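Q: sequence? don't have it. structure:
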């Protein structure tokens, strides 16, 4: 098995074989999701807590569904960071939750490195479900899964990521995963949305949407946050749409078999026109479905490592077939 | 007071270009004689052969946290830590609670320096709010050696210009903390590839450099003495280099972490690495070393900034900026400047003694006959690993915990008294408990 990690904190240092193992495992779970009874007994007796310090709908629901379909016991913890500022520290919150004998923690937090910090203070396996603008590895894995499902091996495939790269954890995880899998990555967006020295991550930067998407096999479009005008990142959403928005005219200039992706939630009419989002080249809803399978795979692989660390306990997981 | 003689050490006094094997005779709290084979039969003999004898270090940028945050450091604990690091003179920053903007607080801080000499720095503006000037003349009369709103820049160029004019009348320098708050924003680390990878909010080098440039222009305009605190970027070094060439009355300091650590280290999210200005790139480290070597940078200061464990044991961007540094000032400098081959030992010591003393025009930093006997004795070659329990500071927020450094303080003499001595100097001694000398002993004959 090509997986030996206890935590999944990001894709930056995850290798090609490991990513392939996750995607292959996810394929098996993807079949489960099409069965009449969409549930396997793999996680019986395992407790997973979804520790969300930032608002999230789809990621939290996707994880919760993945956990339930593995038959895990699931707890949800949601807190705004402002309420935490009044008292308990992240470390104390996590240690208290762990004291309830939790096996795995799925964590969303606005501070980059927050899950890394927690690995030093609790024993549970930790899955990063987004840490500020840093990483969102399961989103990138579901993107890779969806891409592979549609275009096959990603080696040499041209992927263009459009939008607010500097604030995007999805972009960072996508870049690491795509570069590792051998894809050619172009970033497109205004200069103010490009992180410093991002080319050193192995990508090309363009500020011309037609040029950046003309030969792309895949165009992944990021959400534009409405509040970015305030930080002087954008003059207006209208100007962004004029320069970088994907509409049917721009789609028509792309390859006919181009794949249109978006991590959601979509700002319809801003970064993506409704007819393109709902059109035949869009795989946006497939991404959502695949997200559950990919998260089941990640939970499963991490739990096996965790079980193998505990030699005093019978290895119940290895014998369960999925 | 009994006389004491340090026998046979390598005496390095950068101020007088001394570097030779000599004896140092201490009497009545002062340096009585420096020479070869001094005959002093009545003096307590201390064999320091194989060790370096240098002026007690002068650290012109420390935060002692008293008044206000005595849980993190006090003037007593801070000076106790200072002498553990061979530092016998400190200049204490005024960003306490309340700020040091009143003569009574200046006297309070100055009087509480026990083992090391404490020179208070007073605020530039009342409450460090950047609005109205402090009573610089009465603060100077009470003992303030410089003025600074350290922790933040004086935002208004007009207030800064008036402060420079007024301080120059009082005859004391203004120390500028150069960071433009708008460019810093909510940033927590240097902007570059490392911040892009870490996803942490970035602070561009320009945030420091625009303020360095502004304050140099104001110093040129007013003719007032400006000292720039914690220079960290290649651009700032170049700005100061050009200003000095143009005859602007500017001095500057850097800190050990700006020539020993980089922004790439911050990718560990270790909150002991969060500091303002932030750790820069390896190219900046090279530029800082060049600035130190060519005299652009006048001093190395620790920017000792204690923070409690509770405050630092949080998410990286929630942690307060700052690291302790008084006790690692010398070994980090020796390791990264001297043993790396970037500078000679006497030149590096000049940046820790006479350089900072000159920058703030304060006594100390020399071994001249007749001056107060402030002396550090150290082994420049011992390798050791910094243990978390080794520190005397009340706080533990050092990025050097667990790192191996070369060079170790063996004895510190302040005002003619031994205020620190290492109990044992076994070569195997590393970190842990072997650094805790006996602080309060007076003129004891010990072989170090």
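A: The structure has been received and is ready for your questions. Source: prediction; values computed, not measured. Numbering: from 1, shown residues only, chains lettered A, B, ... in the order given.
Q: so how far is residue B:115 from the spatially closest residue to residue B:112 that is not a sequence neighbour?
A: Nearest non-adjacent residue to residue B:112, counting by CB to CB, 6 or more residues apart in numbering or on different chains: residue B:75, 4.0 Å away. Heads up, the C-betas are built off the backbone N, CA and C, glycines and all. Distance check for residue B:75 against residue B:115: by CB to CB, to the nearest Å, it reads 10 Å.
Q: swap in residue B:8?
A: Distance from residue B:8 to residue B:115, by CB to CB: 26 Å.
Q: Give me the neighbour count for residue 22.
A: Using chain A. Using other CB atoms under 10 Å in any protein chain shown, residue A:22 has 26 neighbouring residues.
Q: To clarify, I was referring to chain B.
A: Counted by other CB under 10 Å, the residues lying close to residue B:22 total 22.
Q: Now it: which helix or strand?
A: Assigned by DSSP states H and E, residue B:22 falls within strand B:18-27.
Q: my hunch is that residue A:67 is in a helix, does that hold up?
A: Yes: assessed by DSSP: H, G, I helix; E, B strand; the rest coil, residue A:67 belongs to a helix.
Q: ok, and for stretch B:297-305, which residues are buried?
A: Buried residues in stretch B:297-305, counting neighbours by 16 or more other CB atoms under 10 Å in any protein chain shown, are found at B:297-305.
Q: still on that earlier bit, and the very next helix or strand once past the strand holding residue B:22, which residues are buried?
A: The helix or strand immediately downstream of strand B:18-27 is strand B:30-35, counting by DSSP H and E. Within strand B:30-35, the residues that count as buried by 16+ other CB under 10 Å are B:30-34.
Q: Packing partners of strand B:30-35?
A: Strand B:30-35 sits against strand B:18-27, with contacts defined as 3 or more CB pairs under 8 Å, 6 or more residues apart in numbering or on different chains; DSSP states H and E.
Q: The residue nearest to residue B:112 and residue B:391: what is the separation?
A: 17 Å.
Q: Does the closest residue to chain B within chain A belong to a helix, a strand or coil?
A: The nearest approach of chain A to chain B comes at residue A:134, 2.8 Å away (CB to the nearest CB). Classification of residue A:134 using three-state DSSP returns coil.
Q: ok, and the closest non-adjacent residue to the residue in chain B that chain A sits nearest to?
A: Nearest to chain A, among the residues of chain B, is residue B:199, at 2.8 Å (CB to the nearest CB). Distances taken as CB to CB, 6+ apart place residue A:134 nearest to residue B:199, at 2.8 Å, with adjacent residues excluded.
Q: shouldn't the one you found be in contact with residue A:171?
A: No: counting by CB atoms under 8 Å, residue A:134 stays clear of residue A:171, with 10.7 Å between them.
Q: ok, the two, which is more surrounded?
A: Neighbours were counted for residue A:134 and for residue A:171 using other CB under 10 Å; residue A:171 has more, 31 against 26.
Q: could you point out which element follows the helix or strand encompassing that one?
A: Assessed by DSSP H and E, residue A:171 sits inside helix A:169-180. As assigned by DSSP H and E, the chain's next helix or strand after helix A:169-180 is strand A:184-188.
Q: residues near residue B:401, how many?
A: Other residues near residue B:401 come to 19 when the count uses other CB under 10 Å.
Q: isn't it right up against residue B:273?
A: No: look at residue B:401 against residue B:273 with CB under 8 Å: they stay out of range, at 11.4 Å.
Q: need the contact list for residue B:55.
A: B:13-15, B:349, B:353-354, B:364-367, B:374-376 (CB atoms under 8 Å, 6 or more residues apart in numbering or on different chains).
Q: hmm, 7 Å instead?
A: B:13, B:353, B:364-367, B:374-375 (CB atoms under 7 Å, 6 or more residues apart in numbering or on different chains).
Q: Going by neighbour count, list what's buried in stretch B:334-344.
A: By neighbour count on 16+ other CB under 10 Å, the buried set for stretch B:334-344 is B:334-339, B:342-343.
Q: separation between the residue of chain B closest to chain A and residue A:135?
A: 7 Å.
Q: The two: which is more packed in?
A: Taking neighbours as other CB under 10 Å, residue B:199 and residue A:135 compare with residue A:135 leading, 32 against 25.
Q: Kindly give the local confidence score, pLDDT, for the more buried one.
A: At residue A:135, the model reports a pLDDT of 98.
Q: my read: it touches residue A:171, true?
A: No: the pair residue A:135 and residue A:171 fails to qualify as a contact (CB atoms under 7 Å) at a distance of 9.9 Å.
Q: What is the burial count for residue B:132?
A: For residue B:132, the neighbour count with other CB under 10 Å is 12.
Q: cool, the one 5 residues further on as well?
A: Residue crowding around residue B:137 was assessed by other CB under 10 Å; the count is 16.
Q: got the contact list for it?
A: Contact analysis of residue B:137 by CB under 7 Å, 6+ apart lists residue B:170.
Q: Any buried residues in the helix or strand hosting it, and which?
A: Element membership for residue B:137, per DSSP H and E: helix B:136-142. If you call a residue buried by 16+ other CB under 10 Å, then helix B:136-142 has these buried ones: B:136-137, B:139-140, B:142.
Q: how about stretch A:186-206, does it get close to chain B?
A: Yes: Stretch A:186-206 is in contact with chain B by CB under 7 Å from any CB of the partner chain, via A:195-198, A:200.
Q: Which of these sits closest to residue B:84?
A: residue A:196 (39.2 Å; CB to CB).
Q: and the closest one, how many residues sit next to it?
A: Residue A:196 has 16 nearby residues by other CB under 10 Å.
Q: I figured it was touching residue B:195, is that so?
A: Yes: using CB under 7 Å, residue A:196 is in contact with residue B:195, at 6.5 Å.
Q: Overlap of the contact sets of the two?
A: Common neighbours of residue A:196 and residue B:195, using CB under 7 Å, 6+ apart, are residue B:202.
Q: And for residue 174, the neighbour number?
A: Since you didn't name a chain, this refers to chain A. For residue A:174, the count of nearby residues is 32 (other CB under 10 Å).
Q: that's the wrong chain, I meant chain B
A: If you count neighbours by other CB under 10 Å, residue B:174 ends up with 28.
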